[in-house]
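**Q** Predicted model and sequence follow; I will ask about them next.
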Amino acid sequence: HGLGLGLPTTVQMTNDLLFFVVIFNALVRLQQFRHVFAALTIRIAAPSTIAIVQCLNQGTLGLTFLGETEFKYLSATNGQTLLQGSFFRVGGLLGHPNLLSAFIALHVPILVAMLGTKLGLLKRFAVISALGIGGIALIMTLSRSGWASAALGVMVALTLGLLPRNWRERAIPLIILTGV
């Protein structure tokens, strides 16, 4: 039952990740990297803001034209998993809290890594704000797997950032094998 709602979104997220890898490998100028990082910052802040407003509203916002699933369909496919007591588990525009948490968990380590680069004060503030908004939305999903994924991703990003440059290339295959 849940596969029908989650499969298209999972496929879309996988396509987005592959698209990101292709684009990222094509970047050669610093300005191009900055444009991609700005898009990533907006990409995490916008859906997270919508999710926070959903939580404050204790339900969906009627944004079906942007892809938000209507609450009646969410409750029919997901039973009571969206309501934990009186708390509404947010799904943003992705439809289900676990999908939103996976989306946020995928982007948070990239934003954390961005903080290790040379950013101006305004750009650093934007990244920190996006991380804060994303973190709040991640908590509001009540998805333990999303929390664990984000924490592990941040630890990997910080570890890679602290390693000497010549060790990073050797560490990446080990980190990938550890994740598998």
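**A** Received, thanks. Residues are numbered from 1 along each chain as shown.
**Q** So what does the residue most central in space within the chain look like in phi/psi?
**A** Residue closest to the average C-alpha location in the chain (CA atoms, centre = their mean): I104, at 1.6 Å. When read as degrees, to the nearest 10, the backbone of I104 gives phi -70, psi -40.
**Q** Next one: it from V90, what distance?
**A** Distance, I104 to V90, using CB to CB, to the nearest Å: 11 Å. Placement of C-beta: from N, CA and C, glycine included.
**Q** between the two, what contacts are shared?
**A** A137, T141 (CB atoms under 8 Å, 6 or more residues apart in numbering).
**Q** Skip the chain neighbours and tell me the closest residue to P47.
**A** In this structure, P47 finds its nearest non-sequential neighbour in G92, 4.4 Å apart by CB to CB, 6 or more residues apart in numbering.
**Q** Doesn't the one you found lie inside a strand?
**A** No. Counting by DSSP: H, G, I helix; E, B strand; the rest coil, G92 falls outside a strand, being coil.
**Q** which SS state does G95 fall under?
**A** At G95 the chain is in coil, as set by three-state DSSP.
**Q** thinking again about what came up before, is it true that the residue nearest to P47 touches A51?
**A** Yes. The criterion here is CB atoms under 8 Å, and G92 meets it with A51 at 4.0 Å.
**Q** any shared contact partners between the two?
**A** L100, A137.
**Q** re the thing from before, tell me the contacts of the residue nearest to P47?
**A** Counted by CB under 8 Å, 6+ apart, G92 has contacts P47, S48, I50, A51, Q54, E68, L100, F103, A137.
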